[in-house]
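In: 3D, please:
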Amino acid sequence: MKTIILKGFGGVENLSLTDTPVPTPEQDHVLVQVKAISINPVDIKTRAGKGVSGRLKDIHPIILGWDIAGTVKQSNSPKFKPGDEVFGMINFPGHGKAYAEYVDAPASHLALKPNNITFEEAAAATLAALTAYQTVALHAKIKKGDRVFIHAAAGGVGHYAVQIAKHLGAYVIGTASADNADFVKSLGVDEHIDYKAQPFETAVQEKVDFVLDTIGGDNIDRSLEIIKPGGTIISIPSGLREEVTAKAQAKGINGYFTMVQSNGEDMAAIAKLLSDQTLISHISQTFPFEEMAKAHLQLETGRTRGKIIIKI
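Out: As a prediction, the model looks like this:
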């Protein structure tokens with residue numbers, strides 16, 4: 001089967017298209033014939049030797065990727081049968097091995113793909129949508145009337161987080177460039193802030209209950225200025241766990257770092273939102289499998305609206 005392996009941590013030249021044997025599904029796993037793959041910033045960071053590379057450094061060969069949508073070809077699980085169309089984020093933050101035509105996937109990490117969406121739309125709504133769902137709905141427990149501030153609202157995680165927060169009844173403020181203003185408004189943001197035109201902390205007129213920080217850096221300190229006492233900030237960039245918590249506590253705010261976890265039940269909840277069109281995937285670009293390096297370079301620009309998808 002066609003597989004892209006990582007020859008070593010570094011640039012995109014280390015992504016190598018090769019042939020590997022089709023895996024045999026383990027107990028409680030299924031063999032998925034992959035139709036579409038989603039890539040994320042963690043793919044880029046891990047390829048470069050950051051991200052979750054520390055967990056994978058002793059594995060040879062490394063096959064990157066965690067987000068898949070496809071058809072079950074063999075099943076060693078009562079959850080799915082051959083022919084089922086499934087999607088999910090598999091084995092994160094471990095060795096996902098998603099950059100391949102066939103993937104041996106834990107059944108507990110997958111959900112049935114809704115019939116009214118494409119494989120590409122399903123693949124998009126995996127790591128990014130799970131991050132948004134687990135952060136906004138499960139960790140922050142956003143409820144009707146909460147004021148929610150989402151950084152990079154036009155991005156992969158951000159565009160799902162806006163939709164989920166609105167579904168839960170929140171008032172949503174989102175940052176995005178002026179070019180993405182209409183896009184984030186179409187997602188449902190109540191206030192758009194052009195972060196290039198003015199500091200977001202001066203643009204917020206009334207303090208918020210919750211901030212989703214998808215960027216890190218000095219955004220943490222600046223975000224704390226706009227949160228109500230007793231409010232919450234959750235940061236998802238890696239390496240900020242202690243920094244977020246300490247700085248937030250000093251201001252009477254709850255601060256957390258979270259990392260998304262593979263979870264089939266959460267994927268099923270996302271499938272329901274996709275099925276009734278509460279949640280819609282925005283795909284900015286689609287690349288063929290053989291152009292994975294080009295897809296990585298595009299995502300590396302930091303200017304992607306929504307998601308980038310790879311078709312097999």
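
In: Touching, residue 300 and residue 43? I think so.
Out: No - using CB atoms under 8 Å, residue 300 is not in contact with residue 43, being 10.0 Å away. In this view, the C-beta of every residue, glycine as well, is placed from N, C-alpha and C.

In: Which of those two has more residues huddled nearby?
Out: Counted by other CB atoms under 10 Å, residue 300 and residue 43 do not tie: residue 43 has more neighbours, with 27 against 16.

In: is it true that that one touches residue 65?
Out: Yes - using CB under 8 Å, residue 43 is in contact with residue 65, at 6.4 Å.

In: where do the helices sit along the stretch 101-250 of the chain?
Out: With DSSP state H, counting those that start in this stretch as the criterion, the stretch 101-250 of the chain has helices at 119-124, 127-132, 156-167, 181-187, 200-203, 219-224, 241-249.

In: Would you format the ones you listed as a markdown table with distance to residue 274 included?
Out: Shown next, in a markdown table, are these (distance: least, CB to CB, whole Å):
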| stretch | distance to residue 274 |
| --- | --- |
| helix 119-124 | 7 |
| helix 127-132 | 8 |
| helix 156-167 | 10 |
| helix 181-187 | 15 |
| helix 200-203 | 30 |
| helix 219-224 | 29 |
| helix 241-249 | 30 |
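
In: Which one, of those, ends up nearest to residue 14?
Out: Counting by CB to CB, residue 14 lies closest to helix 127-132 out of the helices of the stretch 101-250 of the chain; the figure is 21.4 Å.

In: Check which helices and strands that closest one is in contact with.
Out: helix 156-167, helix 264-275 (3 or more CB pairs under 8 Å, 6 or more residues apart in numbering; DSSP states H and E).

In: Contacts for that helix, please.
Out: Contacting residues not belonging to helix 127-132 are listed as 38, 40, 42, 66-67, 89, 92, 156-158, 160-161, 163-164, 212, 236, 260-263, 266-267, 270, 279, 281, 307 [CB atoms under 8 Å, 6 or more residues apart in numbering].

In: could I get the helices and strands packed on helix 127-132 as a markdown table with distance to residue 223 and mean neighbour count?
Out: Formatted as a markdown table, these follow (distance: least, CB to CB, whole Å; neighbours: other CB atoms under 10 Å):
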| stretch | distance to residue 223 | mean neighbour count |
| --- | --- | --- |
| helix 156-167 | 14 | 26 |
| helix 264-275 | 25 | 19 |
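
In: Just the pLDDT for residue 246.
Out: At residue 246, the pLDDT value in this model is 83.

In: The closest residue to it other than its chain neighbours: neighbour count?
Out: Excluding the flanking residues, the one nearest residue 246 by CB to CB, 6 or more residues apart in numbering is residue 255, at 7.7 Å. Residue 255: 27 surrounding residues under other CB under 10 Å.

In: Determine the set of other helices and strands touching the top strand by length along the chain.
Out: In the chain, assigned by DSSP state E, the strand with the most residues is strand 29-39. Packed against strand 29-39 by the contact rule (3+ CB pairs under 8 Å, 6+ apart) you find strand 67-75, strand 102-106, helix 119-124, helix 292-300, strand 307-311.
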